[in-house]
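K.L.:
here is my input, please return the structure:
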Amino acid sequence: MALKTGSTAPEFSLACTGINILNTSKDLKGKAFVLYIYPKDFTKVCTAEACEFRDQFEAFRNLDIPVFGLSRDDIETHNKFKKEHRLPFELLSDPTGKVCKSYDALVPLIKMPKRITYLIDKDHKIAAAFSDMFESKGHIEAMLKSLEK
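P.N.:
Prediction:
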């Protein structure tokens with residue numbers, strides 16, 4: 001289950017490809033963004049989802065909405081994944097799973113991130129959420145549809 005629409009998005013500070021550390025309260029203050037949480041780099045559905053965000057990235061860029069992928073993988077793995085698939089957005093590393101858990105995106109017993117995508121508005125409230133563990137395209141379609149409103 002995802003966080004409820006209208007609730008406050010948890011703030012965080014995490015290691016990030018390209019910029020070392022991303023602090024949402026400082027670096028994204030007053031800015032809407034997409035946060036997609038996924039289980040693991042280089043797996044079939046996660047790769048398909050990342051590539052779909054890559055292929056649709058211009059639509060988000062045209063709306064000035066940054067996209068961030070988040071998993072428990074380390075930055076080194078993220079950098080390889082980003083380079084291999086030519087991802088134009090940054091990936092965040094949450095090795096402890098603490099941020100995933102705060103976004104209700106951690107499977108309790110196995111501590112694996114769920115596949116959940118959030119649209120977070122400029123006031124850092126949850127504007128939309130889409131959760132489907134085995135679907136990749138639906139996440140992007142749901143976010144674009146929410147942005148059209």
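K.L.:
list phi and psi for the nearest residue to Ser102 once chain neighbours are set aside.
P.N.:
Excluding its sequence neighbours, the residue lying closest to Ser102 (C-beta to C-beta, 6 or more residues apart in numbering) is Pro10, at 4.0 Å. All C-beta atoms are positioned from the backbone trio N, CA, C, and that covers glycine. Taking degrees, to the nearest 10, you get phi -60, psi 140 for the backbone angles of Pro10.
K.L.:
just Thr8 next, same as before
P.N.:
Dihedral angles of Thr8 (phi, psi; degrees, to the nearest 10) stand at phi -70, psi 130.
K.L.:
for Thr43, see how far away it is.
P.N.:
31 Å (C-beta to C-beta, to the nearest Å).
K.L.:
distance across stretch 67-85, terminal residue to terminal residue?
P.N.:
Taking C-alpha to C-alpha, to the nearest Å as the measure, stretch 67-85 stretches 15 Å from start to finish.
K.L.:
contacting residues around that stretch?
P.N.:
With contacts defined as C-beta atoms under 8 Å, 6 or more residues apart in numbering, stretch 67-85 is touched by 14-17, 22, 33-42, 46-47, 50-51, 53-54, 57, 60, 87, 89-97, 99-100, 111-113.
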